[in-house]
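Colleague: Build me a model:
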Amino acid sequence: MRQSVLTFPFESRYRLENFFVSDANVLAFDWLKRWPFWLSPDKKGGGLITYGPRGCGKTHLLHAFSSMTKTFIIPRAFWQEQEMTRLRQQGDMYESWALDDVQRHMRDGRCERTLLYILRHCHQHGKTLLMTAHHAVALWQLELADLSSRLSAMPCVPIKHPDDALLHAVIKKICQDRRCAIDDHVIGFVLSRMERRFDMVLRLVSALDEESTRQKQKITIPMAKKILTMHATDSLSAP
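Modeller: The predicted structure is shown next:
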């Protein structure tokens, strides 16, 4: 499998130069490369839905896409308060819009009507719309037939939990950025015992870096075992 570079799907800075592509996210990556020709190879516009489990990198991918394309990410407050006038005022200068965790908003008919308005507005003004969700559209349990039809017509692309090759590259890159030393066999030890989530990677490496600094030595397997045990205990005690 090739490893291309576009952006990094976990960092708060969403840097463009550090994104590693693997089997877990290559389909979404290829679709984003087609932008803005999501309707057809010779026609701009349309929408794209990426979906997958928590921690697979959907939100980070959306923000990375935004930084690449100058996309307007619709604020949560606009959605919740039905602020369509403000949405148009701030969003119409952008060629593309994005809406994160859209399935979470589908609480009632009013929210569905808001999304339908957004879809119609993007269509009428030739804007692309990128959305993220936890599940494919067929599982959203929508009430509005028009909304369901429009969403079902969009490409709906899965993002899986990151595989070992991707996570290995991610851990190595973070450690390089933090200037903390870690050997490949230690990364392998961590990978065999951690959840396959980018947010977990960031938490673990941050804790390993702090422990490495405290002990004034590079990251070792005993150190990794200690941190993994602490994180497992925290997860069990969490409400």
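Colleague: from the chain's centre, how far out does stretch 50-69 sit?
Modeller: Relative to the mean C-alpha coordinate of its chain, stretch 50-69 is positioned 2 Å out (CA atoms, centre = their mean, to the nearest Å).
Colleague: Hmm, I typed the wrong one, I wanted stretch 164-183.
Modeller: Put simply, stretch 164-183 sits 19 Å off its chain's centre (CA atoms, centre = their mean).
Colleague: residues in contact with Leu142?
Modeller: Each residue near Leu142 by CB atoms under 8 Å, 6 or more residues apart in numbering is listed here: 106, 112, 148, 151. No exception for glycine: its C-beta is placed from N, CA and C like everyone else's.
Colleague: Name the member of these with the most neighbours.
Modeller: In terms of neighbour count, Leu151 stands highest of those at 23 neighbours, by other CB atoms under 10 Å.
Colleague: Tell me who's in contact with the residue nearest to the spatial centre of the chain.
Modeller: Centroid check for the chain by CA atoms, centre = their mean gives Lys58 as the closest residue, at 1.9 Å. With contact taken as CB under 8 Å, 6+ apart, Lys58 is in contact with 50-52, 100-101, 132-133, 159.
Colleague: again, only using 6 Å
Modeller: The neighbours of Lys58, taking CB atoms under 6 Å, 6 or more residues apart in numbering as the test, are 50, 52, 132, 159.
Colleague: Filter those residues down to the ones in strands?
Modeller: Secondary structure from DSSP state E places 50, 132 of the contacts of Lys58 in strands.
Colleague: Now tabulate the contacts of Lys58 in TSV and tack on pLDDT, distance to Val186 and neighbour count.
Modeller: Below are the contacts of Lys58 laid out as TSV (pLDDT from 0 to 100; distance: CB to CB, whole Å; neighbours: other CB atoms under 10 Å):
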residue	pLDDT	distance to Val186	neighbour count
Thr50	95	32	24
Gly52	91	28	22
Thr132	95	32	25
Ile159	91	27	21
